[in-house]
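Q: coords below, sequence missing:
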């Protein structure tokens, strides 16, 4: 059988061709519709509550602490204001031992890709910083090297979290579109009124300590709200890099609860995104 | 058949249109304006202890921490009499956040104290955000019990850093000149140091010779100062661990206003050698003791202060007609004038943060402590007084300590002020005091 005959054989009646054409078009449309639906759905899936904090080491025994003998601090006795030393003696501010219970500061809520977090070797930061300092300082000798006085001051123990972190404020990964993208919502005048009421209530509660340098900091927080106005989930989608700043906005939103959303507007406002961008310089 | 197709396609288009018109769960985005500024309300309940002694330390330590924060502009301490949970309840069951929120505390610090062997004290603290109900930071310090005050300041610094994003300044000392009246009725000036809150006061010299303008080096081990110990105004380096004093050169004329470079390897100072009493700025490498002249002007050049990166030096000169501030590169090149406003400027001090330069300004007989940015913009005067002098920065560049004489008949005391202009207060020194210099953070 040659190609020509084959071609001849697959000739279909015109009605079938028309049907196939419609079928193709409908499938394409259905796929488009599906993709739009899916993209919306994915956007509102609860953020994966993956905790990227490093697991703390169990608290070591007290015996592991290196100690400084009292003799080392003899000069402290001369610190008594009543008898200023005729010659000059230093009073080292303190002596202490170093031990790190937990290697890393609690990870502040920030944008964190869970996959990357898993890749990060969890033991990487376990090296107790400055541990070398205390290792050999068990002798009763006065520290001769001036540097050692200072190194000896590193004696921080970081504590594990006392309780599991609620997942709601965990650092989460949301490959979210930045503010402003995403599907547009048609807002009418009444909606604008709701927005301004929410904005006002959050802004009233958003305070940071005076005199801090906030230049260039920007932050975005996503909030899901229950029908009673309470928060069901809240997380930073774009952190400023300054945990104190991000936390201040989380606090402000929590203090603003219940958010002033009328019942008939609930569906429109149950998913909010609040953000601050510094004005362009 | 065509009819069916039309109906089907119409249905489909309607469906698609519906999807597009009502995006299922889109988010409303709300743009906020910049946050307001208000001191953060911090609750500081006493740390708990199992024994009476431990509880006493818990109370004393928190007393020191409350003192630190009550003078700190970014914070206000929530009145302890309003606290609903006792230290014991906190230790047993952790914070009841509803209770702390009800007294408007944004953060609460809890802790326990335990005595361990060899007279060591173990102090453990946790800082909680009362709104998010999260632990923000938690650490345990173990130290010889005699240094419990230092631990209190360390914890205050930890809290400060966590809640402001800036490093703290509580575990620091201030060196200064303590002034007392000697047997013959004349003033004795001694080199003295104390904790930033006035505790652990100690004088390092006996007052037999006049001392002036001390300055800490970055690792806290050395103080450089001017002394007339030899009868002549010379610069001395005091090694604190050994108590040894060494003279820095013995240059003819006046040797004054010494300042360490940020890495501690060099000293900038003013010498009048060989210029017929005309002060010029020099730099000495402490390792090689090599001297380098930085300024050339027939009038006065004095009071150098390094930028935190060590690449620039701000100084005082009358080359423009009256005393003003100038900045030069660290090799003496590229001199440019910083201050043009009316008045006389003295005693510049570059902030450890780098963003500001503090100074003394005298205009119409009134003295001010002020700040200006290194480009010469945004001059702000923080104080005014009969004689305000010698500003020195806290290591985080947030607070200035300076000396103030309130009137002609008054004596000189030390004061501090936040760079916002708030929280002016007198430091508790046992004697009159001048020429303060703040130490780096003792961490």
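A: All right, it came through fine. These numbers were taken from a predicted model, which means no experiment stands behind them.
Q: Mind jotting down where the strands sit in the stretch 201-350 of chain B?
A: B:202-203, B:211-216, B:222-227, B:234-239, B:244-247, B:255-260, B:266-271, B:280-285, B:291-293, B:301-306, B:312-317, B:324-329, B:336-337, B:344-350 (DSSP state E, counting those that start in this stretch).
Q: what about the ones you listed, which gets the closest to residue B:424?
A: Residue B:424 lies closest to strand B:344-350 among these, at 17.5 Å (C-beta to C-beta). The way it works is simple: take the backbone N, C-alpha and C, and place the C-beta from them, glycine included.
Q: Could you list the buried residues of the following helix or strand past that closest one?
A: Remark: after strand B:344-350, the chain's next helix or strand is strand B:357-363, criterion DSSP states H and E. Buried residues in strand B:357-363, defined by neighbour count with 16 or more other C-beta atoms under 10 Å in any protein chain shown: B:357, B:358, B:359, B:360, B:361, B:362.
Q: Equivalent analysis for stretch B:257-266, please.
A: For stretch B:257-266, by 16+ other C-beta under 10 Å, it's B:257, B:258, B:259, B:260, B:261, B:262, B:264, B:266.
Q: Ramachandran angles for residue A:17?
A: With angles defined as degrees, to the nearest 10, residue A:17 sits at phi -60, psi -40.
Q: now residue B:119
A: Torsion angles, degrees, to the nearest 10, at residue B:119: phi 60, psi 40.
Q: what does the one 3 residues further on give?
A: The main-chain torsion angles of residue B:122 are listed as degrees, to the nearest 10 and equal phi -110, psi 120.
Q: Identify the residues contacting it.
A: Taking C-beta atoms under 8 Å, 6 or more residues apart in numbering or on different chains, we find residue B:122 in contact with A:62, B:113, B:114, B:115, B:116, B:140, B:141, B:142.
Q: Chain B: helices as residue ranges?
A: B:2-21, B:52-70, B:87-93, B:97-102, B:148-164 (DSSP state H).
Q: Most tightly packed of those helices?
A: helix B:148-164 (a mean of 24; mean count of other C-beta atoms under 10 Å in any protein chain shown).
Q: surely residue B:152 meets residue B:59?
A: No. Residue B:152 lies out of contact with residue B:59 (C-beta atoms under 8 Å); the separation is 11.0 Å.
Q: Residue B:71 touches residue B:424, doesn't it?
A: No. Taking contacts as C-beta under 8 Å, residue B:71 lies outside contact range of residue B:424: 10.1 Å.
Q: More neighbours: these two, which one.
A: residue B:71 (18 against 14; other C-beta atoms under 10 Å in any protein chain shown).
Q: distance of that one from chain A?
A: 14 Å (C-beta to the nearest C-beta, to the nearest Å).
Q: wait, what's in contact with that residue?
A: B:416, B:423, B:425.
Q: what pLDDT does the first one get?
A: By that I understand residue B:416. We have a pLDDT of 95 for residue B:416.
Q: sorry, back to before: what residues are shared contacts of residue B:71 and residue B:424?
A: By C-beta under 8 Å, 6+ apart, the residues touching both residue B:71 and residue B:424 are residue B:416.
Q: is it fair to say residue A:201 lies in a helix?
A: Yes. Assignment of residue A:201 by DSSP: H, G, I helix; E, B strand; the rest coil places it within a helix.
Q: what's the closest non-adjacent residue to it?
A: Nearest residue to residue A:201, sequence neighbours excluded (C-beta to C-beta, 6 or more residues apart in numbering or on different chains): residue A:256, at 4.4 Å.
Q: pretty sure that neighbour contacts residue A:200?
A: No. Between residue A:256 and residue A:200 there is no contact under C-beta under 8 Å: 9.2 Å.
Q: neighbour-wise, which of those two wins?
A: More crowded of residue A:256 and residue A:200, by other C-beta under 10 Å: residue A:256, with 22 against 12.
Q: Tell me who's in contact with that one.
A: A:198, A:201, A:202, A:204, A:205.
Q: Whatever helix or strand the fourth one lives in: what's the following helix or strand?
A: Yep, that's residue A:204 we're talking about. According to DSSP H and E, residue A:204 maps onto helix A:189-205. Proceeding N to C from helix A:189-205, the next assigned helix or strand is strand A:207-208, under DSSP H and E.
Q: quick check, whatever helix or strand comes next after that following strand touching chain B?
A: Later in the chain than strand A:207-208, the nearest helix or strand by DSSP H and E is strand A:219-225. Yes. Under the criterion of C-beta under 8 Å from any C-beta of the partner chain, chain B is reached by strand A:219-225 at residue A:222.
Q: follow-up on the earlier one: tell me the one of the buried residues of stretch B:257-266 nearest residue B:394?
A: residue B:262 (15.2 Å).
Q: The closest one against residue B:311, yeah?
A: No. Between residue B:262 and residue B:311 there is no contact under C-beta under 8 Å: 9.7 Å.
Q: quick revisit: which of the contacts of residue B:71 has the largest number of neighbours?
A: residue B:416 (22 neighbours).
Q: Look up which residues are beta-bridged to the nearest residue to that one once chain neighbours are set aside.
A: With sequence-adjacent residues excluded and distances taken as C-beta to C-beta, 6+ apart, residue B:416 is closest to residue B:401, at 4.7 Å. Assessed by DSSP bridges, residue B:401 has beta-bridge partners residue B:392, residue B:416.
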